[in-house]
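1. Fold the following, please.
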Amino acid sequence: MSSKTRAKRSGRRGGAILLVVALALTVLAVGCGGGGTESSEAPAMSTDVLRFASASSITTWDPRVSYSTEVGYMGNMYETLLRSNPPGSEEPFTPVLATDWSVSKDGMAWTFHLREGVTFHDGAPFNAEAVTYSIDGTTTLGLGAGYLWWPLDKIEVVDDYTCVFKLNYPAPIDRILSSSYAAWIYSPKTKGKSPKWWDKTNYDGGTGAYQLVSYKANEELEFKQFADYWGGWEDNNFKNVVVKIVADATTSRQMLESGAVDIQTTVSYDDVPGLKQNPDLNLIQTPGIYNYLLCFNTQKKPLDNVKARQALSYAIPYEEVLTVGANDLGRVAYGPIPSTLWPGSTELPQYHYDLDKAKELLAEAGYPDGFKIELTYASENPTSTAFVPLLKESWAEIGVDVDIQGLLWNQQWEKIKGKEADRQDVVATMWWPAFNDGYDTLKTLFGTEEEAGWNFSYWYNEHFDQLIGDAFKNEAVDIEKAKQQYMEAQTMLIDEAVGAFLFDADTVYAQSAKLKVVERNPFFYSTLEWHKLTPK
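-> Purely as a prediction, here's the structure:
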């Protein structure tokens with residue numbers, strides 16, 4: 001990967017981890033439950049306006065470069081060819097702008113048959129040319145998650161409603177096309193427009209159920225039904241959607257409880273017990289595809305020693321970290337990829353809390369009296385802020401003294417990439433992939449880099465690189481072989497204690513009990529499908 005390409009990608013992850021701060025870090029999950037019974041005297045909910053309180057701000061209105069919290073709105077304005085279904089579904093994908101598809105035996109050509117009668121918000125017709133225009137435009141611009149299209153050679157238009165994706169090497173194009181980044185299809189009428197133009201005009205060139213009406217930066221967004229939406233409309237669909245951008249979770253909770261909004265998308269862990277007791281509200285829990293982990297600096301003493309890293313891994317009270325950090329709203333991790341996300345697995349080996357084993361390994365590593373290390377975390381992240389003191393306390397039990405440094409994410413990021421002598425020993429972070437495939441996590445967090453970037457452990461292994469590269473290609477031609485290769489690669493990370501995998505986090509929303517409860521898709525955890533939300 002070239003340094004130029006890496007720089008483009010880094011722009012997203014900075015914003016993406018700020019998405020963690022703005023949306024997912026403080027917002028995690030609880031279950032479908034809480035009250036759910038509304039008063040018999042309560043008036044019926046009007047379908048005129050659905051009202052949200054959301055912490056999600058807008059970094060761009062350009063679907064080609066979108067890589068942050070605006071995805072929650074983009075998912076209602078724009079559409080992809082396919083949509084990944086929740087784990088356990090009978091089929092892995094739902095057709096959206098594509099109706100059916102097939103892949104060649106060698107995994108090098110994917111043919112898509114497109115939905116007819118679809119219109120963009122600006123009146124342009126949807127067809128194969130629009131698909132080619134959109135994907136080529138995103139790929140050529142190369143910003144945001146544009147790197148996802150590295151496998152693509154070209155798109156051939158067969159006819160108005162058939163196109164073929166020709167690849168440079170086998171790849172799971174179905175997963176890439178169902179991403180909530182870099183896979184949106186947008187109107188050809190935007191030809192020649194720059195990202196600045198999109199943001200200046202707040203242009204909406206999608207095919208989605210709702211279209212943007214107005215936007216006041218960091219204050220309010222207003223949307224309305226797209227009358228010609230191909231999915232159709234029922235009388236109980238909401239005609240308009242108004243979103244109040246509210247950064248403070250306490251304020252948004254007050255707005256929900258007072259009836260000023262119908263949905264709160266940013267819920268504090270501390271508010272969960274009280275909200276669950278409110279009979280006028282429902283809380284909806286969804287297993288997420290993001291997780292919390294520690295990355296050990298494998299190139300700097302003392303953690304260049306695998307036994308020292310293993311010792312720290314055994315000296316982590318995983319269950320307590322989950323309780324204190326996430327109010328038990330998640331699961332202790334089995335590896336680097338959440339078990340809800342391919343190819344995550346509960347069959348992987350786990351470290352467990354064992355101080356005697358940790359002390360034994362420290363002695364074998366040549367540090368019977370322990371050592372001193374530095375740990376950094378993003379101070380904007382209340383979850384990490386809550387659990388890192390537990391690490392300091394527990395590691396002290398085996399003689400390891402931890403200097404905890406809470407830094408703003410941008411400061412932590414600079415330290416991670418900085419001079420080797422100045423880098424921290426441990427990075428506490430939250431992570432989620434750019435598309436619905438754990439390959440992105442393995443490649444980005446643990447793949448070999450030409451210069452320090454997203455591999456926070458600075459661990460480089462050619463065999464690992466080869467394993468995940470081959471596995472990614474085999475996803476398109478031999479899924480069982482791909483799974484075996486991914487399992488071997490993940491086991492390597494665990495055996496080498498490249499990082500400590502703490503817990504997989506859930507997502508949570510709170511909403512009025514007058515609203516129908518809709519199953520949340522963990523692959524699009526930050527996007528509520530407004531078209532599916534209706535009064536009870």
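
2. Go through stretch 117-133 and flag the buried ones.
-> Across stretch 117-133, burial judged by 16 or more other CB atoms under 10 Å covers Val118, Thr119, Phe120, His121, Ala124, Phe126, Asn127, Ala128, Ala130, Val131, Thr132, Tyr133. (Glycine included, C-beta is placed from N, CA and C.)

3. Touching that stretch from outside, list them.
-> The contact list for stretch 117-133, computed with CB atoms under 8 Å, 6 or more residues apart in numbering, reads 77, 81, 97, 112, 114-115, 155, 157-163, 185-189, 191, 204-208, 211, 226, 228, 230.

4. do stretch 466-474 as well
-> Stretch 466-474 is contacted by residues 107, 169-172, 343, 437, 439, 442-443, 447, 481-483, 485-486, 488-489, 492 when judged by CB under 8 Å, 6+ apart.

5. Just the buried ones out of the residues you listed, please.
-> 107, 170-172, 343, 437, 439, 442-443, 447, 482-483, 485-486, 489, 492.

6. Among those, which one lies nearest to Ala260?
-> Asp437 (39.1 Å; CB to CB).

7. Point out where the stretch 401-536 of the chain drops to low pLDDT.
-> The model of the stretch 401-536 of the chain has pLDDT under 70 over residues 525.

8. Helices along that one, start to end?
-> Assignment of helices within the stretch 401-536 of the chain using DSSP state H, counting those that start in this stretch yields the ranges 409-417, 439-446, 462-474, 479-495.

9. Adding distance to Pro349 as columns, could you present those helices in CSV?
-> Shown next, in CSV, are the helices of the stretch 401-536 of the chain (distance: least, CB to CB, whole Å):
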stretch, distance to Pro349
helix 409-417, 27
helix 439-446, 17
helix 462-474, 16
helix 479-495, 6
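
10. which one of those lies closest to Glu319?
-> helix 479-495 (18.1 Å).

11. Looks to me like Thr323 is in a strand.
-> No: counting by DSSP: H, G, I helix; E, B strand; the rest coil, Thr323 falls outside a strand, being helix.

12. just the buried members of the contacts of stretch 117-133?
-> 77, 81, 97, 112, 114-115, 155, 161, 163, 185-189, 204-208, 211, 226, 230.

13. Let me see the contact set for Arg51.
-> Per CB under 8 Å, 6+ apart, neighbours of Arg51: Val241, Val242, Val243, Lys244, Ala260, Val261, Asp262, Ile263.

14. so what pLDDT did the second one get?
-> On pLDDT, Val242 comes in at 98.

15. show me what contacts it?
-> Val49, Leu50, Arg51, Phe52, Glu220, Leu221, Glu222, Phe223.

16. how about a cut-off of 7 Å?
-> Val49, Arg51, Glu220, Glu222 (CB atoms under 7 Å, 6 or more residues apart in numbering).

17. cool, Glu488 as well?
-> Contacts here follow CB under 7 Å, 6+ apart; on that basis Glu488 touches Leu467.

18. try 10 Å this time
-> Neighbouring residues of Glu488 by CB atoms under 10 Å, 6 or more residues apart in numbering: His463, Phe464, Leu467, Ile468, Ala471.

19. Can you say which helix or strand has His113 in it?
-> Assessed by DSSP states H and E, His113 sits inside strand 109-114.

20. Which strands and helices lie in contact with that strand?
-> Other helices and strands packing on strand 109-114, by 3 or more CB pairs under 10 Å, 6 or more residues apart in numbering; DSSP states H and E, are strand 93-95, strand 98-103, helix 128-141, strand 152-159, strand 162-167, helix 173-177.

21. Dump the ones you listed into CSV; add mean pLDDT and distance to Asn327 as well.
-> Conversion of these to CSV gives the following (pLDDT from 0 to 100; distance: least, CB to CB, whole Å):
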stretch, mean pLDDT, distance to Asn327
strand 93-95, 95, 32
strand 98-103, 98, 40
helix 128-141, 97, 38
strand 152-159, 98, 42
strand 162-167, 98, 43
helix 173-177, 96, 31
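
22. okay, now the domains of the protein?
-> 70-208, 288-506 (automatic domain parsing).

23. Make CSV from those and add distance to Leu256 to it.
-> Converted to CSV, the domains of the chain look like this (distance: least, CB to CB, whole Å):
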stretch, distance to Leu256
domain 70-208, 17
domain 288-506, 18
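
24. looking at those domains, which is closest to Asn237?
-> Comparing the domains of the chain by CB to CB, domain 70-208 comes nearest, at 12.2 Å.

25. End to end on that closest one, go ahead and measure it.
-> Across domain 70-208, the terminal residues are separated by 15 Å (CA to CA, to the nearest Å).

26. Stretch 374-389 now?
-> Per CA to CA, the first residue of stretch 374-389 is 13 Å away from its last.
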